[in-house]
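# Kindly generate the corresponding structure for this input.
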Amino acid sequence: AGQRNFPIVLTNRSERTCTVRGYPGAAFVDASGTRLGPDPKRSPDTATAVSLAPRASAWAGLTYASPEISGARTALPAALLVTPPDEREPLRAAWTGGEVPVAGQR
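Reported below is the predicted structural model:
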């Protein structure tokens, strides 16, 4: 209650098994690519290594307080930038999940 949850799914599109360890980075951006608010905090849980065979997928959860409940200032992102573990370049996914909280209380 009071939270929204979205899976971030990463798929191995190579022909070799790969291993990822850690959590993906994430940032909401507007249509021009400007970040909307601070980046989501990563879980304090210990990350485990995951081996992905070709075409296999792994996921991490993106959870945030429902803006209607939290009273936070909101924005409607155009996209979510996702940086896979051990990578520096983000992947861009269109955001269709509605408004997200971007800063403290109203």
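# for this structure, what spans make up the helices?
With DSSP state H as the criterion, the chain has helices at 67-70.
# Spit out the contact partners of the residue positioned nearest the centre of the chain.
Geometric centre of the chain, nearest residue: A26, 4.0 Å, by C-alpha atoms, centre = their mean. Shown in contact with A26 (C-beta atoms under 8 Å, 6 or more residues apart in numbering): 8, 39-40, 62, 80-83. Bear in mind the C-beta positions are built from the backbone N, C-alpha and C, glycine included.
# out of those residues, which are buried?
For these, a neighbour count by 16 or more other C-beta atoms under 10 Å gives the buried set as 8, 40, 62, 80-83.
# Quick check: bridge partners of the residue nearest to the centre of the chain?
Beta bridges link A26 to V82 when assigned by DSSP bridges.
# Now do it, the pLDDT please.
Note for A26: predicted pLDDT of 91.
# Next one: it relative to G71, how far apart?
As judged by C-beta to C-beta, to the nearest Å, A26 and G71 stand 22 Å apart.
# what does L62 give?
20 Å.
# What's the local residue count around R13?
Number of residues near R13 (other C-beta atoms under 10 Å) recorded here: 9.
# from memory it sits against R55, does it?
Yes - in this structure R13 lies within contact range of R55 using C-beta atoms under 8 Å: 7.3 Å.
# any idea of the pLDDT on R106?
41.
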